[in-house]
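1. Below is the sequence, then the predicted model.
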Amino acid sequence: MNQQSTLGDLLNISARLTVCLDREVELLRGFKPAEVRKLQQDKTLLADSYRALVAAMKGLNSGPEPDSEALRQNLREATGQLRASVGDNLRALKAMRNVSERVMRSVVNALEEPRMELAGYNRRGAIKRNRRSSIGPVTLHQRA
């Protein structure tokens, strides 16, 4: 594996990973968790490939090769875009986690709160309400 082909591969993987992360952010903002799950395998494969190529670059001779400076500049730009996409992705994931936690807390609080239940009519014809007993234990499962 030579330096120029590794640079080209790294540039390609960086671009594909950036697109994947940006797509995930769009899906998260659009509240489409099923589609986000479909992206996870691609994202994992691309991230693993990126890490492997970065490690391979460190093992190669860092001397200049002909025509590699333009590739290096393109890779610098792609790396900047990837870093921005990683930051956006992280913020979107944190926001989605916070929303999910708040929803779960609201559900638990609503289940624990005593409720009024319609019981019928009293002697005057008005609606008679009785307090309902509290709901029994509820278990919520969190999936990663």
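-> Ah, there it is.
2. Let me see the mean pLDDT of stretch 91-100.
-> Computed over stretch 91-100, the mean pLDDT rounds to 93.
3. Use 691 as the first number from now on
-> In the new count, where the first residue is 691, that last one comes out as stretch 781-790.
4. Which residues does it contact?
-> Contacting residues not belonging to stretch 781-790 are listed as E714, V715, L718, R719 [Cβ atoms under 8 Å, 6 or more residues apart in numbering]. The way it works is simple: take the backbone N, C-alpha and C, and place the C-beta from them, glycine included.
5. mind putting those residues in JSON lines, neighbour count included?
-> What follows is the contacts of stretch 781-790, written out as JSON lines (neighbours: other Cβ atoms under 10 Å):
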{"residue": "E714", "neighbour count": "22"}
{"residue": "V715", "neighbour count": "20"}
{"residue": "L718", "neighbour count": "20"}
{"residue": "R719", "neighbour count": "11"}
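6. Could I get the buried residue list for stretch 773-782?
-> For stretch 773-782, a neighbour-count test (16 or more other Cβ atoms under 10 Å) marks S775, N779, A782 as buried.
7. repeat for stretch 736-745
-> In terms of neighbour count (16+ other Cβ under 10 Å), stretch 736-745 has its buried residues at L736, S739, Y740, L743.
8. Kindly report the same for stretch 723-730.
-> Neighbour-count burial for stretch 723-730, with 16+ other Cβ under 10 Å as criterion, is recorded at V726.
9. Dump the C-alpha coordinates for that stretch into CSV.
-> The C-alpha trace of stretch 723-730 is given here as CSV (Å, rounded to 0.1, in the frame of the first residue of the first chain):
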residue,chain,number,x,y,z
PRO,A,723,-35.5,6.3,14.7
ALA,A,724,-36.2,3.3,12.5
GLU,A,725,-34.2,4.8,9.6
VAL,A,726,-31.4,5.9,12.0
ARG,A,727,-31.1,2.2,13.1
LYS,A,728,-30.6,1.2,9.4
LEU,A,729,-27.7,3.6,9.1
GLN,A,730,-25.8,2.3,12.2
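10. Can you give the distance of that stretch from its chain's centre?
-> Using Cα atoms, centre = their mean, to the nearest Å, we find the averaged C-alpha position of stretch 723-730 to lie 9 Å away from the chain's own average C-alpha position.
11. Cheers, nothing more for now.
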